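Participant: Below are the sequence and a predicted model; questions follow.
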Amino acid sequence: MKKSFLVVCMLAALISCNGNKSKKDLQAVEKQPVSLIFDTDLGPDYDDVGAMAVMYALADSGYVNILATLSSNHDEQVVPCIDVLNTYFNRPDIPLGSPKSEGGVTMTSGHKIKWTEVLPAKYPHKIKKTSDAPDAVQVYRKILSSQPDNSVVICTVGFFTNLKDLLLSAGDEYSPLSGKELVEKKVKRLVSMAGFFPQGREFNVYCDTPASKVVAEQWPTEIIFSGFEIGDVILTGKKLAASDINNSPVKDTYAQCFAEGDPDGRQSWDHTAVLVAVKGYEPYYDVERGTFSIIDNEGTNSWIPDVAGKHLRLIEKLPPAQMAGIIENYMMHQPFSK
């Protein structure tokens, strides 16, 4: 009887130990960094710079592995600025890419003193102009083909140009799969700063309406949209601009742009997409599932709630002031060697 009792106790202990191990293994899996490709139109607005600062802060904290930083904007200063930021944050070897297809968008800063020219003139970088960077579609295909299935998160805070070109791409030396097939196989989700909800016109969508329409209709994985209304009420950058941080391209950009306007801070449209792409929407936002569509040639989008829809849109949860504090703390992050 005692032997039987001892055996039962040993088995219970073994099961308990195995259960604890499984829980620890699950926690370890959950803490694996997100594999991220970042696609930006950096230039027309400077919130991209703040969003990239958030991305590097999360990378230095172990939350994300940045696989590539790509431009969806043909303007020749965009990739040099991306290169400046990658280099400043001790990641000079992150793959770069730029759009090569006809059409698309070429757009630069509207400020009197163009920060997109100031940064490359002041800070180290290797790429001299955007057109010198590799084809963004080839970069996408090369990286996606080398990653585990259903593992990559793409965050786009600019035009859908590169993603349209990726979807329409054919098999190549990296993969025999079409672009759409490759995305379906390798991408976990797309997180995009795009759209105005429940209906309206938003810059990233209407600047390349044909590309936006292709992505809205053909993208095969889940898409999370951070709409214009989400970041529009989150003002950041004032704390950074007033700080004693020196020789920072992020601070320089905000301080220079604040000299021409935005006395209360700049909207954080792109930052919200980066934060959600890396850390998820909880506890920051609620979501509604539905279908995002482009309904005219002017880039107007609609939203139809649908519990079976493949798209999600962010809905405000935490107060904007609290979100601003969270985001600005990440923006203040400096490279470890600085």
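Facilitator: Here it is on my side, so go on. This one's a predicted model, so the numbers in the text were calculated from it and none came from an experiment. Numbers count the residues shown, from 1 in each chain.

Participant: Tell me which stretches of the protein form strands.
Facilitator: Ranges of strands in the chain, per DSSP state E, are 34-40, 64-71, 96-97, 152-156, 187-193, 200-201, 222-226, 235-236, 266-267, 285-294, 300-305, 311-316.

Participant: nearest to Phe258, of the ones you listed?
Facilitator: strand 266-267 (7.8 Å; C-beta to C-beta). In short, each C-beta sits where N, CA and C put it, glycine included.

Participant: if we can go back for a sec, got a markdown table for the strands of the chain, with distance to Lys126 too?
Facilitator: Below are the strands of the chain laid out as a markdown table (distance: least, C-beta to C-beta, whole Å):
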| stretch | distance to Lys126 |
| --- | --- |
| strand 34-40 | 18 |
| strand 64-71 | 13 |
| strand 96-97 | 9 |
| strand 152-156 | 23 |
| strand 187-193 | 27 |
| strand 200-201 | 37 |
| strand 222-226 | 31 |
| strand 235-236 | 29 |
| strand 266-267 | 28 |
| strand 285-294 | 37 |
| strand 300-305 | 37 |
| strand 311-316 | 36 |
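
Participant: Reformat those as TSV; add mean neighbour count.
Facilitator: Formatted as TSV, the strands of the chain follow (neighbours: other C-beta atoms under 10 Å):
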stretch	mean neighbour count
strand 34-40	24
strand 64-71	23
strand 96-97	25
strand 152-156	26
strand 187-193	25
strand 200-201	16
strand 222-226	23
strand 235-236	24
strand 266-267	22
strand 285-294	18
strand 300-305	18
strand 311-316	20
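
Participant: need these in TSV with distance to Asp135 and mean pLDDT, can you?
Facilitator: TSV is the format used below for those (distance: least, C-beta to C-beta, whole Å; pLDDT from 0 to 100):
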stretch	distance to Asp135	mean pLDDT
strand 34-40	13	98
strand 64-71	10	98
strand 96-97	6	98
strand 152-156	16	98
strand 187-193	19	98
strand 200-201	30	98
strand 222-226	24	98
strand 235-236	33	98
strand 266-267	32	96
strand 285-294	25	98
strand 300-305	28	98
strand 311-316	28	98
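
Participant: do you know how far Ile234 is from Gly43?
Facilitator: Going from Ile234 to Gly43 by C-beta to C-beta, to the nearest Å gives 21 Å.

Participant: one step back: compare the strands of the chain and give me the one nearest Ala324.
Facilitator: strand 235-236 (5.3 Å).

Participant: what's that closest one packed up against?
Facilitator: With contacts defined as 3 or more C-beta pairs under 8 Å, 6 or more residues apart in numbering; DSSP states H and E, the packing partners of strand 235-236 are strand 266-267, helix 320-331.

Participant: and Pro44, what is it in contact with?
Facilitator: Residues in contact with Pro44 (C-beta atoms under 8 Å, 6 or more residues apart in numbering) are Asn73, Met107, Thr108, Ser109, Gly110, Phe203.

Participant: Buried ones among those?
Facilitator: Asn73, Met107, Thr108, Ser109, Phe203 (16 or more other C-beta atoms under 10 Å).

Participant: Asn246 versus the nearest residue to Tyr254 once chain neighbours are set aside, what's the distance?
Facilitator: Leaving aside its sequence neighbours, Tyr254 sits nearest to Gly237 (C-beta to C-beta, 6 or more residues apart in numbering; 4.3 Å). Going from Gly237 to Asn246 by C-beta to C-beta gives 17 Å.

Participant: same check, this time on Ile327
Facilitator: 22 Å.

Participant: if you count what's nearby, which of these two comes out ahead?
Facilitator: Ile327 (26 against 9; other C-beta atoms under 10 Å).

Participant: Can you verify my assumption that the more buried one contacts His271?
Facilitator: Yes: at 4.8 Å, Ile327 counts as touching His271 under the criterion of C-beta atoms under 8 Å.

Participant: beta partners of the residue most central in space within the chain?
Facilitator: The centroid of the chain falls nearest to Cys155 when counting by C-alpha atoms, centre = their mean (2.9 Å). Applying DSSP bridges to Cys155 yields these beta-bridge partners: Phe38, Val191.

Participant: how near is it to Ser169?
Facilitator: Cys155 is 20 Å from Ser169, by C-beta to C-beta.

Participant: Show the contacting residues for Pro283.
Facilitator: Counted by C-beta under 8 Å, 6+ apart, Pro283 has contacts Lys317, Leu318.

Participant: what comes up buried for stretch 140-158?
Facilitator: Neighbour count says stretch 140-158 has 140-145, 147, 152-158 buried, by 16+ other C-beta under 10 Å.

Participant: Please disregard the earlier target; I meant stretch 234-245.
Facilitator: So for stretch 234-245, counting by 16+ other C-beta under 10 Å, buried means Ile234, Leu235, Thr236, Gly237, Lys238, Leu240, Ala241, Ile245.

Participant: what's the answer for stretch 48-65, then?
Facilitator: So for stretch 48-65, counting by 16+ other C-beta under 10 Å, buried means 48-60, 63-64.

Participant: from the residues you listed, which is closest to Ala211?
Facilitator: Asp48 (18.0 Å).

Participant: Could you double-check that that closest one lies in contact with Phe38?
Facilitator: No: taking C-beta under 8 Å as the definition, Asp48 is not a contact partner of Phe38, at 9.6 Å.
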